[in-house]
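*Asks:* structure for the following, please:
(one chain, ligands or ions: 1)
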Amino acid sequence: MAHVIASADQLDFSITDLPSMPLPTEVLMVRPLHYTVDYVINPHMANQVGNVDTIEAQNEWDLVRALFDQIGLNVRLLEDHDGLPDMVFCANQSLPYIDQEGNRHALMSIMHADQRKREVPYIEQWYRQNGYEAHFLDETKIDDFEGCGDAIWHTGKRMLWGGYGYRSSLTAYESISELFDIPVIALELVDEAFYHLDTCFCVLDEKTVLIYPDAFTDEGLKLINTLFDKVIEASQYEAEELFACNACCPDGRNVIIQQGCTDVNKNLRDAGFSVHEVSTYEFLKSGGSVFCMKQMLW
Ligand SMILES: NC(=O)NCCC[C@H](N)C(=O)O
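*Replies:* Here you go, the predicted structure:
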């Protein structure tokens with residue numbers, strides 16, 4: 001039965017009650033050989049068409065890859081394709097999942113923008129070749145769903161946070177909740193600059209989250225504050241210009257984040273996290289940073 005929770009008064013469990021889920025051991029990254037800003041499908045891309053330094057982008061991507069490797073994740077690589085300049089953002093084409101028996105699954109996205117729809121079959125093919133069962137949403141009922149751009153696992157738990165409003169539809173989470181038999185906490189996004197949940201919400205560990213509060217409704221903030229013990233808030237500058245909340249903390253300890261997020265980084269260190277700063281300036285031009293440049297896997 002679908003279990004989608006959109007307000008705090010619908011909460012009928014606490015995080016500690018939920019079954020545990022293993023932490024990811026691998027990441028998939030897509031080499032940005034054809035990465036550029038070619039069209040505008042989010043506000044960050046406006047005025048950036050043709051502005052990407054492609055050599056610099058590949059150097060930045062290499063350093064992000066090295067950091068994932070350094071913190072102990074097995075990095076799997078796939079090449080992008082001509083005419084798919086956003087394929088590097090491989091958080092978006094799917095939502096992977098490991099079930100209680102250890103079987104691996106991937107739900108394929110329905111991309112919101114036509115320009116990105118052709119990316120999905122390439123990622124699906126990679127999953128099929130790597131022991132994942134592919135699943136699909138009913139396109140006659142669901143308009144869009146952009147994978148881990150909007151659907152974010154609660155660290156170590158069988159529960160998903162689901163953003164909706166710009167790139168994913170609320171109805172997608174009914175199907176996802178049923179398919180994976182998990183509760184989904186639905187969060188409406190209300191600021192177009194934060195068009196994916198991963199631009200304003202970063203789960204750091206089971207008890208801690210980093211957010212940009214103005215991207216959410218009051219009801220969303222109530223859910224976040226109820227389910228996390230500690231909520232670290234990013235300023236508008238660090239969230240919108242530096243994508244602070246698009247950081248990635250795959251193990252509950254190490255945070256990989258765009259360089260220059262001074263206030264957020266101090267708060268992260270004070271809370272006991274190890275901070276690894278990296279330049280993703282060429283990817284910020286397209287509206288993405290560390291979190292969207294990888295897909296977490298098991
Ligand atoms: N935030 C993400 O999860 N992904 C970044 C996607 C950037 C790409 N230019 C897009 O607008 O779809």
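*Asks:* spell out which parts of the stretch 101-250 of the chain neighbour the ligand.
*Replies:* Residues of the stretch 101-250 of the chain found near the ligand (Cβ under 6 Å from any ligand atom) are 116, 149, 196, 198-199. All C-beta spots, glycine's among them, are computed from the backbone N, C-alpha and C.
*Asks:* for the residue of the stretch 101-250 of the chain found nearest the ligand, which non-adjacent residue is spatially closest?
*Replies:* Minimum separation of the stretch 101-250 of the chain from the ligand (Cβ to the nearest ligand atom) falls at G149, amounting to 3.2 Å. Residue nearest to G149 in three dimensions, not counting chain neighbours: H196, with 3.8 Å by Cβ to Cβ, 6 or more residues apart in numbering.
*Asks:* hang on, the one you found packs against D150?
*Replies:* Yes. Using Cβ atoms under 8 Å, H196 makes contact with D150 at a distance of 5.5 Å.
*Asks:* between these two, what contacts are shared?
*Replies:* Taking Cβ atoms under 8 Å, 6 or more residues apart in numbering as the criterion, H196 and D150 both touch 163, 167.
*Asks:* now do the helices in the stretch 51-200 of the chain.
*Replies:* Here the stretch 51-200 of the chain has its helices, by DSSP state H, counting those that start in this stretch, at 54-70, 119-129, 170-180.
*Asks:* quick one: contacts of the first one?
*Replies:* Think helix 54-70. Helix 54-70 has contacts (Cβ under 8 Å, 6+ apart) with 27, 29, 31-33, 35-36, 75, 77, 88, 250, 256, 276, 278-283, 290, 293-294.
*Asks:* next one: the residue of the stretch 101-250 of the chain closest to the ligand from G163, what distance?
*Replies:* Using Cβ to Cβ, to the nearest Å, G149 is found at 8 Å from G163.
*Asks:* need the overlap of contacts for the two.
*Replies:* Common neighbours of G149 and G163 are listed as 196-198 (criterion: Cβ under 8 Å, 6+ apart).
*Asks:* how many other residues sit next to H105?
*Replies:* Number of residues near H105 (other Cβ atoms under 10 Å) recorded here: 17.
*Asks:* that one against D99, yeah?
*Replies:* Yes. If you go by Cβ under 8 Å, H105 and D99 touch, sitting 6.5 Å apart.
*Asks:* mutual contacts of those two, please.
*Replies:* Contact criterion Cβ under 8 Å, 6+ apart; residues shared by H105 and D99: F180.
*Asks:* surely the residue of the stretch 101-250 of the chain closest to the ligand is in contact with F194?
*Replies:* No. Contact criterion Cβ under 8 Å: G149 and F194 do not qualify, at 11.2 Å.
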